[in-house]
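Visitor: Pasting a predicted model and its sequence here:
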Amino acid sequence: MKLAAALLLALALDAAAADKIWSAVLLATNVANPKPAPTELKPVAARLQRVFGYNQFEIVGRASADLTDDAKLSLTPTKTFWLDLKARRASSPDARGGYLLNLLLFQNDRPLVDTVAVIAPASPLFFRGPMSAHGQVIVVLQVQQ
Amino acid sequence: MKASDFEANFTAWIDGQLDLGRTAAFEQEMRACGFDPAAERAAAEQTRTLLDKYSATPELGHAEFFQHQLLHRIERETAPAVARPRWTFPRLAWAGAFCLLVAGVLFRTLIPTGAEPPPSNYFATIVDVRTYEPSISVDTVYDPRNNVTVLWLDGLDYLPTDIVR
C-alpha cells in the first residue's frame, strides 16, 4: 500500500515537473551567408523564414522555468525584453495538455502587450517586436514537456 | 430539235390518237403531200412488229432493290418538310463531352487535390490581447499553413545597437 502510494506520488511529481516554459529573444536578419538556425529553433526555422521573411535567426537570450498549474513567474531571456506570466492548465482537449497563460511582455520596465493565450506543448507563440540596429526582434514562448 | 406540226400529227395518227375528224383531215393532207395513208400505216405496223420482235428490253437484276429505292425516293419527295429537332443525338453527345471537359478543368483548378497534410498538434491561440500605449498596435496573425501564431506589434521605437541584449 505504501509502495503504491509512493509510486503514484512519484508519477504525479514527475508529470508536474515535466512541463517547462521556454522563452527566447531572437534577432532576425537577411544576410548573404546565413548561419544555421540554433538547435532550439530547428523545428520552426523554415516556418519562421516563410512567415517573417528573414533568412537568419539568432538567439540573443533565453530563459526557461518549470511550469505548473497556477504558476506565477517571470522569464528574463534578456535584460531588455522579459515576460511576466500566470499559468493555469487548460481544460480544453484542443490544448492537448497545454496551459492558459496570462502574459505580459515588457521592454525594460515598460509593458508592451498584455495577452491571454492558450498554448499547447511544442506550439510556439511569437511576438514580433521592434526593429533594432542588428535586425528584427522576435520573442518566442513555448511550452515544453 | 422540235418536231413540225406534220410530224407531230403523223406520230399521233400512227398511235391512233387523232379523232375521226382530224384523222380524215390528216389523211387528206398526207395524200396532198404524196403519201399513201394505207401504205404508211402498214409500214408503221410492220416496223412496230419488228421492234417488238428484235428489240430486247434490258432486264435489270435486283428488281426489288430498285423498286425499294424508287419508293423511298418517291416518299422522300412527296413527304412534307419536317422541322429537324434541335437536340439530335450527335449534338447531345458533343454537349455531354463538352460538359465533362469543363467539369474536369474546374475540378483540377478549383478542388485541392493531393495528399492531405498530416494532422498537426500545433495549438497556440490568442484569447485576448491589448497594448498599454495608443501608439502601439497589435494584431494576431495565425498562419495555418505554417502553424505559426504571431502577435504582431507595430509602432514600437527603433532600438539602437546592443540595447536588445
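Guide: Everything's here; your move.
Visitor: quick one: low-confidence ranges for chain A?
Guide: Residues of chain A that meet the criterion pLDDT under 70 lie in A:1-18.
Visitor: buried ones in the lowest-mean-pLDDT helix or strand in chain B?
Guide: Every helix and strand of chain B was ranked by mean pLDDT, DSSP states H and E. The lowest is helix B:63-78, at a mean of 85. Burial within helix B:63-78, assessed by neighbour count using 16 or more other Cβ atoms under 10 Å in any protein chain shown, is assigned to no residue. In short, each C-beta sits where N, CA and C put it, glycine included.
Visitor: Downstream of it, the next helix or strand is which one?
Guide: For helix B:63-78, the succeeding helix or strand toward the C-terminus, using DSSP states H and E, is helix B:89-110.
Visitor: List the beta-bridge partners for the residue nearest the centre of chain A.
Guide: Taking Cα atoms, centre = their mean as the criterion, A:L141 is the residue nearest the geometric centre of chain A, at 1.9 Å. Residues in a beta bridge with A:L141, per DSSP bridges, are A:S23, A:L125.
Visitor: Contact partners for it?
Guide: Residues in contact with A:L141, defined by Cβ atoms under 8 Å, 6 or more residues apart in numbering or on different chains, are A:21-23, A:75, A:83, A:101, A:103, A:119, A:124-127.
Visitor: would TSV of those with neighbour count be doable?
Guide: Shown next, in TSV, are those (neighbours: other Cβ atoms under 10 Å in any protein chain shown):
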residue	neighbour count
A:I21	22
A:W22	18
A:S23	27
A:L75	20
A:L83	20
A:L101	24
A:L103	24
A:I119	26
A:P124	25
A:L125	24
A:F126	23
A:F127	24
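Visitor: For B:V102, state which of those residues is nearest.
Guide: Using Cβ to Cβ, A:F126 is the member of these that sits closest to B:V102, with 44.2 Å.
Visitor: looking at it, the closest one is touching A:I138, isn't it?
Guide: Yes. Counting by Cβ atoms under 8 Å, A:F126 sits close enough to A:I138 to count as a contact (5.8 Å).
Visitor: who touches both of those two?
Guide: A:L48.
Visitor: Doesn't A:A45 belong to a helix?
Guide: Yes. Following the definition DSSP: H, G, I helix; E, B strand; the rest coil, A:A45 is counted among the residues of a helix.
Visitor: residue contacts, the closest residue in space to it that isn't next to it in sequence?
Guide: Take A:A45 and drop its neighbours on the chain: the residue closest to it by Cβ to Cβ, 6 or more residues apart in numbering or on different chains is A:A37, 3.6 Å away. Taking Cβ under 8 Å, 6+ apart as the definition of contact, the neighbours of A:A37 are A:45, A:48, A:57.
Visitor: rewinding a little: and the contacts of A:L141 as CSV, adding distance to B:P37?
Guide: Rendered in CSV, the data for the contacts of A:L141 read as follows (distance: Cβ to Cβ, whole Å):
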residue, distance to B:P37
A:I21, 141
A:W22, 140
A:S23, 140
A:L75, 144
A:L83, 142
A:L101, 138
A:L103, 138
A:I119, 133
A:P124, 131
A:L125, 132
A:F126, 130
A:F127, 134
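Visitor: If we only consider those residues, which is nearest to B:R84?
Guide: Using Cβ to Cβ as the measure, the one of the contacts of A:L141 that approaches B:R84 most closely is A:F126, at 70.3 Å.
Visitor: what's the nearest residue to that closest one if we skip its chain neighbours?
Guide: For A:F126, the nearest residue in space outside its immediate sequence neighbours is B:V150; the separation is 4.5 Å by Cβ to Cβ, 6+ apart.
Visitor: That neighbour contacts A:G129, doesn't it?
Guide: No. B:V150 lies out of contact with A:G129 (Cβ under 8 Å); the separation is 10.7 Å.
Visitor: Strands of chain A, start to end?
Guide: Under the criterion DSSP state E, chain A carries strands at the ranges A:20-29, A:56-66, A:71-75, A:81-89, A:99-107, A:110-119, A:125-132, A:135-144.
Visitor: hmm, who's touching the longest one?
Guide: Spelled out, it's strand A:56-66. Outside strand A:56-66, the residues that touch it by Cβ under 8 Å, 6+ apart are A:17, A:19-31, A:34-35, A:37-38, A:40-41, A:45, A:48-49, A:71, A:73, A:75-78, A:81-82, A:135, A:138, A:144, B:164-165.
Visitor: Let's see the least confident helix or strand of chain B as PDB, backbone CA atoms only.
Guide: The C-alpha atoms that make up helix B:63-78 are tabulated as PDB, following Å, rounded to 0.1, in the frame of the first residue of the first chain:
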ATOM      1  CA  ALA B  63     -35.700  -5.600-109.100                       C
ATOM      2  CA  GLU B  64     -36.800  -5.400-105.500                       C
ATOM      3  CA  PHE B  65     -33.900  -3.200-104.600                       C
ATOM      4  CA  PHE B  66     -34.600  -0.700-107.300                       C
ATOM      5  CA  GLN B  67     -38.300  -0.800-106.500                       C
ATOM      6  CA  HIS B  68     -37.400   0.000-102.900                       C
ATOM      7  CA  GLN B  69     -35.100   2.800-103.900                       C
ATOM      8  CA  LEU B  70     -37.800   4.300-106.100                       C
ATOM      9  CA  LEU B  71     -40.500   4.000-103.500                       C
ATOM     10  CA  HIS B  72     -38.100   5.600-100.900                       C
ATOM     11  CA  ARG B  73     -37.300   8.400-103.300                       C
ATOM     12  CA  ILE B  74     -41.000   9.000-104.000                       C
ATOM     13  CA  GLU B  75     -41.800   9.000-100.300                       C
ATOM     14  CA  ARG B  76     -39.000  11.500 -99.600                       C
ATOM     15  CA  GLU B  77     -40.000  13.800-102.400                       C
ATOM     16  CA  THR B  78     -43.700  13.700-101.500                       C
END
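Visitor: Thanks a lot, see you next time.
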